[in-house]
Each structure stands twice: as C-alpha cells, then as structure tokens.
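make a model of this:
(one chain, ligands or ions: 1)
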Amino acid sequence: MFWKRVLDFVLPRYCKVCGRRLDTAEIHLCVACYLSMPFMDYKPDGISPAERILLTNSKVVRASSVIHYDRESDYRHILFHLKYWNHPEVGSWLARIGAEKLMPKGFFQGVDCIVPLPLTRSKEKQRGYNQCMYIAQGISQVTGLPVVTGSVIRDEDRTRQATLGKFQRWGNAQGLFKVSDCEPLRGRHILVVDDVMTTGATLCSLIDTIVLAVPDVRISVFTLALAL
Ligand SMILES: [Zn+2]
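Numbers count the residues shown, from 1 in each chain. Sure thing, here's the model as predicted:
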C-alpha cells in the first residue's frame, strides 16, 4: 500500500469517467462514478435487449451486455480508453465485473470457449492490440473458460469496402469475416465477445459466417456495452 501511494503521488491516476484524481484504493473509476455505473440487468427468464437483436439466428442461445452505452454520457470514455486511448486493461476489468454478475445467473452454463471478435490485421497492427482480446481475458479469469483465437479472421478487403460509406449498413456488413479453422469450433457452444453493440450488424455478420462454416455450433454473445 505504501509503494502504491508513492506511485500514485509520482504518477497520478485519474477516473476514466469524470477525470477526477483517483485515491490509492480506487481502480479505473472513482467510487462515485463506479456506484452510478449504468449496469444492465440480465434476467435469465426474460429476453435481454441484446437477445432481442441477435436471437433472429436460431443458433444464438443467449446474449448480454455489461453497461448501457449513451453517446451523451461520460461513461462512453471507458470505451474510448479501451479502443483509442491505449488503456485496454480497462476492458478486462469491466469484463470481470460483468462476468461476476452473470455467473450466478447461469449465463455461462454450457459454454465451452470464448471467441473475441477479430480485427483486420492492419487495424490490429495500427492499434497495437485487439481490445476484444482483453475483454475475453477478463471473462476467462472469472469463468476459467479458454479463449480461442485464430479460427475466425476479419477480411481486410471486405472491411475496407464496408467502411467506404458514411454508415455501416446491414447489407455491406455481410461477409466481413472468414472461418480459417473450423476444428476448435465444431460442436461447441462458443461465447462471442465484442466491445459495443449498436445495430448488431457486425456481430450478426460474424455469427452468420461461423454458423455457415460450422453448422453444429451454438453461440452466446457478451458485449461490454449496448448502445440503444
Ligand atoms: Zn469519476
């Protein structure tokens, strides 16, 4: 604790939501921002907002998000830190919190492995990391589930085409991904992981691609945030 205090004095840390200087015991967020976090409530017997978007594919078992994403809210800064401001560890932290909330509700029941949504190779090189990998690792730390990478890849050319327009529409989100190795997914119940779900177009594209290549797969979805 003493050295943590010294380190905080030399290298102060700030709340990733409101920007206030953090106390030694606070992690990523100040207590006030943590207590007001816009958590989503997952009810195993109901249909979650994420499920409403994704259950159109019959292979989808369940879906949940940790927090509400609102463009006007300062909580969007958590996602900016994760994706653009080089603090991917905040993704693992929030994923651990989300997984601890979902675990007693049976959300991970029957799930065999975690598949982080892949970035294109050039995007990952430019960013230096895949933020979804950090989210997957956070879930894995709580659930003990293995993380599977490399069996699905994001197609460089298709992604470039899809982002040419101002908005990514349903039509051009199709075919963004390729399954390069079916074996680790065959007969499995996989948990697909993404940072933010907005229209669900990208996730549906990934799910459709996996189901087409591996028909006996089952899929659940975990996102850090849901924009509605
Ligand atoms: Zn704060």
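
and this structure, which residues reach the ion?
For the chain, the residues in contact with the ion (C-beta under 5 Å from the ion) are 15, 17-18, 20, 30, 33. Bear in mind the C-beta positions are built from the backbone N, C-alpha and C, glycine included.

show me how the chain divides into domains.
Per the record, the chain has its domains at 1-36, 37-227, by automatic domain parsing.

among these, which is the most enclosed?
Compared across the domains of the chain, domain 37-227 shows the largest average neighbour count, a mean of 18 (mean count of other C-beta atoms under 10 Å).

same question for it, mean pLDDT?
The average of the pLDDT scores along domain 37-227 is 91.

just the terminal-to-terminal distance for that domain.
15 Å (C-alpha to C-alpha, to the nearest Å).

off-centre distance for that domain?
4 Å (C-alpha atoms, centre = their mean, to the nearest Å).

hmm, who's touching stretch 206-215?
With contact meaning C-beta atoms under 8 Å, 6 or more residues apart in numbering, stretch 206-215 is reached by 54, 57, 59-60, 115, 117, 152, 174-179, 182, 185-186, 190, 192, 217, 219, 221.

and those residues, which of them are in strands?
60, 115, 152, 177-179, 190, 192, 219, 221 (DSSP state E).

closest one to residue 10 out of those, please.
Of all the ones in strands among the contacts of stretch 206-215, residue 10 sits closest to residue 115, with 39.8 Å by C-beta to C-beta.

now do the contacts for the closest one.
Contacts of residue 115 by C-beta under 8 Å, 6+ apart are 136, 147-149, 151-152, 185, 190-193, 210.

how far away is residue 88 from the ion?
The gap separating residue 88 from the ion is 20 Å, by C-beta to the ion, to the nearest Å.
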